[in-house]
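*Asks:* Here is a sequence together with a model predicted from it:
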Amino acid sequence: MNRRGRLVATLVSVFAALLLQVTVLPNFAWDIGGLGVVPDVVLLVVVATAVATDTRFATLTGFWAGLLLDVAPPADHLAGRWALALMVVGYVVGRLVHDNAGDVGAGSRFAREGVRRPPLLLALAAAAGGSFIGTSVYALTGLLLRDSGAAIGDLLPVALIALVLDVVAALVVVPASLWLLDRTTRDGLPRPTQRIRARA
């Protein structure tokens with residue numbers, strides 16, 4: 001896999017998701033318990049990175065993407081909460097996907113130069129799990145640090161609405177991120193299927 005291409009694709013995806021999340025999506029936020037709930041597209045980019053690359057790279061991506069989200073205006077919480085939440089998402093989703101990769105099937109998970117294209121159901125399941133984990137870690141750190149703007153009773157509806165919005169947004173964000181990773185990590189080598197055809 002072309003490591004420079006992977007890094008460039010990840011940077012482009014994270015910055016595009018961050019801009020979308022802090023500029024456009026707040027205009028469409030659902031107000032629940034005084035909190036505006038929007039799809040977490042930065043989290044979805046971390047999920048796509050965890051599916052397509054290794055667990056270590058996804059964990060690091062989650063950390064610095066979360067840190068950017070922590071300091072991006074209008075930051076109204078303690079810095080580090082999103083960094084921890086997205087780092088956990090990158091690690092857990094990466095471990096679950098890669099530890100169970102044999103269950104997916106070789107044909108559906110293969111893409112050129114090591115970037116996987118999972119079935120849509122696996123991508124949606126990863127997005128749902130990542131959304132639940134990320135939102136839960138973020139909410140729990142807010143409670144522990146007394147930095148939460150919502151009451152405890154509002155956290156479950158917020159987590160459920162966030163999960164639904166993230167799964168819907170994952171239909172676009174995860175395939176787009178995987179496509180970008182696929183396009184930028186090619187080094188011009190033919191795929192194994194192309195090599196087989198060339199020999200025949």
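*Replies:* Structure's in. What do you need?
*Asks:* Let me see the ranges of the helices in this protein.
*Replies:* Ranges of helices within the chain are 3-19, 41-52, 55-71, 81-99, 106-109, 120-144, 152-184, 192-199, based on DSSP state H.
*Asks:* what's near enough to touch residue 71?
*Replies:* Residue 71 makes contact with residue 79 under the criterion CB atoms under 8 Å, 6 or more residues apart in numbering. Every C-beta, even on glycine, is put in place using the N, C-alpha and C of the backbone.
*Asks:* before we move on, what about residue 124?
*Replies:* Residues in contact with residue 124 (CB under 8 Å, 6+ apart) are 167, 170, 171, 174.
*Asks:* shaky segments in the chain?
*Replies:* 1, 31-35, 75, 100-118, 147-154, 185-200 (pLDDT under 70).
*Asks:* Could I have the buried ones of the contacts of residue 124 as PyMOL selection syntax?
*Replies:* Under the burial definition 16 or more other CB atoms under 10 Å, those of those that qualify are selected in PyMOL by:
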select buried, resi 167+170+174
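*Asks:* quick revisit: now for the helices of the chain, which one comes closest to residue 30?
*Replies:* Taking CB to CB, helix 152-184 is the member of those nearest to residue 30, at 6.0 Å.
*Asks:* Now do the buried residues in the closest one.
*Replies:* Judged by neighbour count using 16+ other CB under 10 Å, the buried positions of helix 152-184 are 154-155, 158-159, 161-163, 165-167, 169-170, 173-174, 176-178, 180-182, 184.
*Asks:* Same question for stretch 84-98.
*Replies:* Within stretch 84-98, the residues that qualify as buried by neighbour count (16+ other CB under 10 Å) are 84-94, 96-98.
*Asks:* is it possible to export those residues to JSON lines including distance to residue 17?
*Replies:* Formatted as JSON lines, these follow (distance: CB to CB, whole Å):
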{"residue": "84", "distance to residue 17": "18"}
{"residue": "85", "distance to residue 17": "15"}
{"residue": "86", "distance to residue 17": "11"}
{"residue": "87", "distance to residue 17": "16"}
{"residue": "88", "distance to residue 17": "18"}
{"residue": "89", "distance to residue 17": "13"}
{"residue": "90", "distance to residue 17": "14"}
{"residue": "91", "distance to residue 17": "19"}
{"residue": "92", "distance to residue 17": "19"}
{"residue": "93", "distance to residue 17": "16"}
{"residue": "94", "distance to residue 17": "18"}
{"residue": "96", "distance to residue 17": "22"}
{"residue": "97", "distance to residue 17": "19"}
{"residue": "98", "distance to residue 17": "22"}
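*Asks:* of those, closest to residue 7?
*Replies:* Nearest to residue 7 out of those is residue 90 (CB to CB; 14.8 Å).
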